[in-house]
Each structure stands twice: as C-alpha cells, then as structure tokens.
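>>> here are the coordinates; sequence isn't available:
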C-alpha cells in the first residue's frame, strides 16, 4: 500500500528560476487539492459503487460486468435518454472521477519527480504521469476493496516509464515500435561484440528475422528530432532553420504573390481584343514553353510582321493606360 502521508503537505516547489514557468504554475495548482485519507477514499469508492450499480441496472448489464468507469459509463451513451435516477448517478460518478483525479495530482507529481534526472523535461514527465492517473481512474473497480492510491501508483509509474522509453521526441512512437527499437539496439550491441565491427543492415535483419527495409525504418525512427533553432555559429546569429531555407520560390508569400499577379493579368487581358490577347501571349510566352518570334506569328496569322508589331505596341499601350488610370485608356 502507498503511504500517501510521505508525500508531504504539497509538492516541492521548483527553484526561483522555474517558479514562474509552466511547471511552477502546475505545482501551485496541484497543491490546492488535498490527498484523500483512507476513510474519505473508501467513502468515495462506496459512492462510485452505488452509481455503477444504478447505471448497470438501468442498462441491464450482465451481472459479471466489470464495475469501472470505463466499462459502465462507457456503455451509457446519452445519459439524458435515461431515468432521472440514472442521470443523477451519472453526474455523481463524474464528480467522483474528477475528485479522484484532483486529489491524486500530488501523487502523480511525486512519481514524476523520481525520474527527473533522466534527461526528460519535467513537464513531459508530469504530463505522462497525469495520463497514467486518468487511466487508473477509468479502470479502477471500487468493488474489489483496494485503495485507489495503491492501484493508481502502478499505472502512473508505468506511464512515466513509457515516457522514458520514448525519449524526448516530438512525435510519440507507438509502444510496439519502441520495443522493436530496443530489441534492435540489443541485437546490434551483441553482434558488434561478436563480430568486432558494426553489423550490416542485412545481418541485423537476418538476426531479427525481419526485412532489411524494416531495419532501416527502425533506425530512422530511433533518431531523435533536431530543433531548427539549433545555432550554427557561436553567436547564434544563424540557426539550422536558416540553412534549410528553400528560397523564395517555395515560400507561401511568393506563391500568393504569383497567384495575385496571374489574377491581375487575366483581368487586364479581358480589356483587350482576342487578337491582341493572342499576340501578346505568344510574344511573351504566356502559357507557352517559350516566346514566339514576329515571323512565326505573322506566318501563322496571315498578316505582316509590321502589323503584328503594331498590334503588340497598341496592346501594351492599353495595358499601360489601365495601370496609369482609366482616363488614359486608348481606344483602337
């Protein structure tokens, strides 16, 4: 059984440098909720048991149905569709669930702090400890007679250990993949000792009874993410993100600018005749692999090169007039 008295009156506050941080704020919030005594915890368990029995009877659940929040409340669906007694039991069960979580936040912090020196940020450890606490509340069966704090201790510890296994990753890797990566590391270390060299991907695949491509995937997943804010020079003036710039062509601003230019050009072209649009498009290669010469256009349209040049010049003057103002528009 967990001796909750050893947790003290409140979680140990962080140092002055962390007091106003997110973790510091969480410590202060968690200290607002007192841990349940054994007597109060048993009273809360009895309330939950009565709520689960009312809801189970309303839903006509089988006799051997597990009396947990996850199973009983999960089977309820829309509580508004049931009797007033069932709805009251539903709301009371939710209040008990909230009470169990709040009163054990200090237990979660206590467990998370035990692993604080293993390279994982405290905020991540607390977050995963709280996930374990919520899982414990969802799976706790008050009819079994166990103290909730004892039951929750295992769930919180397991979730924090999973956090340590995943490491400091931006994207959490599924647990089964984490186990594969750990196995790969063990096999790789063993083969390195046996062969006196780093084993190849094919050798690792044969030892693990997996495909070489899968070994490559696991190796890629084992690499940790690298922040783009990592400085590339001593004074930090240039970061990794700066060196990864794809240029203006790939920037969203450039794409939006090009789109706006195309729309403006299309609107202005609508003021030209069909012949003027065709000649300007061909002369400047708009929508074509490359611009066309006056000779090619004149031969294709059956007019002289000089006439093509005149139409081109007139069309350009029209477009310039549209840019300068409507009073400057030149009529053909």
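Received it, and whenever you're ready, just let me know what you need. This structure is a prediction, so every number in the text was calculated from the model and none was measured.

>>> Looking at stretch 122-133 now, give me its mean pLDDT.
The average pLDDT within stretch 122-133 is 88.

>>> and what of stretch 181-194?
So the average pLDDT for stretch 181-194 ends up being 85.

>>> Name the residues that touch that stretch?
Stretch 181-194 is contacted by residues 165, 173, 198-199, 203-204, 207-208, 215, 218-219, 221-222 when judged by Cβ atoms under 8 Å, 6 or more residues apart in numbering. The way it works is simple: take the backbone N, C-alpha and C, and place the C-beta from them, glycine included.

>>> In helices, which of those residues fall?
In helices, defined here by DSSP state H, the members of the contacts of stretch 181-194 are 165, 203, 204, 207, 208, 215, 218, 219, 221, 222.

>>> Chain neighbours aside, what residue packs nearest to the fourth one?
Put plainly, it is residue 207. The shortest distance from residue 207 to any non-neighbouring residue, by Cβ to Cβ, 6 or more residues apart in numbering, is to residue 187 (5.3 Å).

>>> Run through the stretch 101-250 of the chain and note the low-pLDDT ranges.
118, 166-175, 222-250 (pLDDT under 70).

>>> Would you map out the domains in this protein?
4-166, 175-222, 271-328 (automatic domain parsing).

>>> and these as TSV, adding mean neighbour count?
As requested, the domains of the chain are exported to TSV (neighbours: other Cβ atoms under 10 Å):
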stretch	mean neighbour count
domain 4-166	17
domain 175-222	14
domain 271-328	14
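
>>> which stretch among those comes nearest residue 265?
Of all those, the one in closest proximity to residue 265, counting by Cβ to Cβ, is domain 271-328 (7.9 Å).

>>> Give the rounded mean pLDDT of that closest one.
82.

>>> so where do the strands sit in the stretch 101-250 of the chain?
Remark: no strands are assigned in the stretch 101-250 of the chain by DSSP state E, counting those that start in this stretch.

>>> what's residue 140 in contact with, if anything?
Residue 140 neighbours (Cβ under 8 Å, 6+ apart): 68, 69, 100, 148, 151, 152.

>>> out of the residues you listed, who's nearest residue 273?
residue 69 (75.2 Å).

>>> isn't that closest one right up against residue 100?
No - using Cβ atoms under 8 Å as the test, residue 69 is too far from residue 100 to be in contact (9.2 Å).

>>> shared neighbours of these two, which are they?
137, 140.

>>> could you dump the domains of the chain to CSV with distance to residue 261?
As requested, these are exported to CSV (distance: least, Cβ to Cβ, whole Å):
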stretch, distance to residue 261
domain 4-166, 44
domain 175-222, 40
domain 271-328, 12
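
>>> Tell me the confidence at the nearest residue to residue 143 once chain neighbours are set aside?
Of all residues not flanking residue 143 in the chain, residue 67 sits nearest, at 4.9 Å (Cβ to Cβ, 6+ apart). Listed pLDDT for residue 67 reads 90.

>>> what sits against residue 67?
Residue 67 sits in contact with 49, 52, 53, 56, 141, 142, 143, where contact means Cβ under 8 Å, 6+ apart.

>>> Pipe those residues into CSV and attach distance to residue 106 per row.
Output for these, formatted as CSV (distance: Cβ to Cβ, whole Å):
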residue, distance to residue 106
49, 25
52, 26
53, 30
56, 32
141, 23
142, 21
143, 26
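
>>> neighbouring contacts of stretch 87-97?
In contact with stretch 87-97 (Cβ under 8 Å, 6+ apart) are residues 44, 47-48, 50-52, 54-55, 58, 69, 72-73, 76, 79-80, 82, 137.

>>> Also stretch 287-307?
In contact with stretch 287-307 (Cβ under 8 Å, 6+ apart) are residues 275, 278, 279, 281, 282, 283, 284, 285, 308, 309.

>>> Who's the closest spatial neighbour of the second one, skipping the chain neighbours?
In this case it means residue 278. Residue 278 sits nearest to residue 301 (Cβ to Cβ, 6+ apart), 7.8 Å away.

>>> Now do the one you found against residue 275, distance only.
8 Å (Cβ to Cβ, to the nearest Å).

>>> Kindly report the same for residue 203.
72 Å.

>>> before we move on, what about residue 310?
11 Å.

>>> Could you do residue 321 as well?
To residue 275, residue 321 is 18 Å away according to Cβ to Cβ.

>>> Same check on residue 71?
In terms of Cβ to Cβ, residue 71 sits 77 Å off from residue 275.

>>> again, but for residue 147
For residue 147 relative to residue 275 (Cβ to Cβ), the value is 90 Å.

>>> surely residue 108 meets residue 129?
Yes - with contact defined as Cβ under 8 Å, residue 108 reaches residue 129; the gap is 3.9 Å.

>>> Could you pull out the residues contacting both of those two?
In contact with both residue 108 and residue 129: residue 156, using Cβ under 8 Å, 6+ apart.
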